[in-house]
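In: sequence-free structure coming up:
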Ligand SMILES: NC(=O)c1ccc[n+]([C@@H]2O[C@H](COP(=O)([O-])OP(=O)(O)OC[C@H]3O[C@@H](n4cnc5c(N)ncnc54)[C@H](O)[C@@H]3O)[C@@H](O)[C@H]2O)c1
């Protein structure tokens with residue numbers, strides 16, 4: 001899948017301000033400044049000013065600030081892209097919405113369902129677009145898997161699987177004591193929970209059971225680190241899903257998904273960097289993808305490109321082309337599963353998702369009937 005320019009808005013780019021210019025924010029900034037033709041990087045806000053200055057000068061951005069309020073209230077900014085740490089997300093969504101800005105926000109939308117709901121109520125009241133950064137939906141292989149599911153290839157889903165193994169090194173996790181508790185559920189596995197929800201269309205997650213430990217950095221367990229987890233999720237249509245994560249895969253960044261059902265199976269993902277394979281006396285070999293920004297380079301670009309399309313189309317008063325991005329219900333459903341998993345890992349007991357929040361069905365995904373069919 002490659003980013004395609006919306007025809008209507010070629011000469012009126014969406015002016016986007018970045019809030020949070022760290023690892024993923026820098027990638028998104030480069031997408032907006034260089035890879036997305038109908039978007040422009042108008043401003044950057046991040047309290048870490050030296051890094052912001054360097055990024056701004058590299059990308060030719062004139063406006064920088066240590067305070068997100070400056071870019072949120074800038075009349076030349078149409079939309080904000082939030083890539084600050086998770087604890088700021090819901091507050092920034094609400095502030096941006098109140099200023100009438102459309103929002104792209106990295107996951108998770110909040111740390112609790114209540115704070116996410118409050119932010120999204122502000123967004124609804126303001127009538128702004130809010131899209132969340134569930135980038136796997138935009139990866140070509142995952143999108144193709146969803147299309148096959150919509151086409152009936154799997155039949156009735158019975159088993160689903162999604163895994164994330166973050167790339168690691170022989171020396172293990174850097175500064176494990178700085179990783180906030182439950183990061184594995186709220187920031188890593190939340191991708192898998194969204195993927196599972198999305199690959200099981202029409203069903204909602206009902207019950208969650210998690211087992212987790214600090215197997216990579218056991219010395220950090222007392223401080224709350226969990227670096228390895230397996231979560232089962234039971235769905236309203238009876239399907240049973242398994243999500244698993246580990247923070248230290250020595251062989252690369254490993255993201256895979258699978259849906260098995262009454263008529264067959266679809267799979268997506270894999271970490272081979274290319275199909276080139278060596279055959280030697282030692283056996284066969286191939287190189288692997290090491291970074292998220294390599295594995296999901298196109299998906300990260302596509303999701304922000306689609307957001308710019310949606311903002312732009314609405315401003316021009318035309319129907320947005322293609323699919324709606326993941327929104328409130330998607331962010332909420334994935335967050336509720338993540339919170340249920342964190343609670344279950346703490347107690348050892350299964351958790352009903354309804355005890356976290358009453359879930360609503362996600363927006364229908366138009367992928368199978370739109371231009372991407
Ligand atoms: N979709 C994905 O695959 C993906 C990948 C990586 C990170 N993320 C998410 O993106 C977010 C950021 O992660 P990261 O890895 O880039 O973190 P990071 O620590 O590299 O960057 C965070 C940046 O935010 C800045 N910051 C701190 N407080 C701020 C505030 N109040 N306002 C604005 N900026 C502030 C920091 O100075 C830093 O530059 C997290 O929510 C994370 O879960 C998503």
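Out: Noted; the coordinates are in hand. Everything numeric in this text was worked out from a predicted model, so none of it was measured. Numbering: from 1, shown residues only.
In: confirm that residue 354 sits in a helix.
Out: Yes - in this structure, residue 354 lies within a helix as judged by DSSP: H, G, I helix; E, B strand; the rest coil.
In: the ligand versus that one, what's the distance?
Out: Distance, residue 354 to the ligand, by C-beta to the nearest ligand atom, to the nearest Å: 26 Å. The way it works is simple: take the backbone N, C-alpha and C, and place the C-beta from them, glycine included.
In: same thing with residue 58?
Out: 15 Å.
In: so what's residue 267 up against?
Out: Counting by C-beta atoms under 8 Å, 6 or more residues apart in numbering, residue 267 touches 145, 256-258.
In: just read off the phi/psi values of it.
Out: phi -130, psi 160 (degrees, to the nearest 10).
In: before we move on, what about residue 306?
Out: Given degrees, to the nearest 10, the pair of backbone angles that residue 306 has is phi -70, psi -40.
In: you'd agree it is up against residue 138?
Out: Yes - between residue 306 and residue 138 there is a contact at 7.2 Å, judged by C-beta atoms under 8 Å.
In: take the contacts of residue 267 and keep only those in strands.
Out: Under the assignment DSSP state E, those contribute 256-258 to strands.
In: compare these and tell me which is most surrounded.
Out: When those are compared by neighbour count (other C-beta atoms under 10 Å), residue 257 ends up highest, at 25 neighbours.
In: how is this protein divided into domains?
Out: Structural domains assigned to the chain are 7-135+298-315, 137-296+328-368, following automatic domain parsing.
In: tell me which helix or strand comes right after the helix or strand residue 234 falls within.
Out: Of the helices and strands defined by DSSP states H and E, residue 234 is found in strand 228-235. Scanning forward in sequence from strand 228-235 by DSSP H and E, the next helix or strand is strand 240-249.
In: pull out the buried positions in that next one.
Out: Of the residues in strand 240-249, those buried under the neighbour-count criterion (16 or more other C-beta atoms under 10 Å) are 241-249.
In: hmm, which two among these are most spread apart?
Out: The two members of the buried residues of strand 240-249 with the most space between them (C-beta to C-beta) are 241 and 248, at 23.5 Å.
In: my read is that residue 211 contacts residue 228, right?
Out: No - contact status for residue 211 versus residue 228: not in contact, 9.0 Å apart, counting by C-beta under 8 Å.
In: comparing these two, which residue is more hemmed in?
Out: For residue 211 against residue 228, the residue with the higher neighbour count under other C-beta under 10 Å is residue 228, and the figures read 18 against 15.
In: so the more buried one bridges to which residues?
Out: When bridges are taken as DSSP bridges, the partners of residue 228 come out as residue 213, residue 246.
In: and the residue in the chain that the ligand sits nearest to, what's its pLDDT?
Out: Taking C-beta to the nearest ligand atom, the ligand has its nearest neighbour within the chain at residue 22, 1.7 Å off. According to the per-residue confidence, residue 22 scores 98 in pLDDT.
In: could you give the number of residues near it?
Out: The number of residues packed near residue 22 is 13, by other C-beta under 10 Å.
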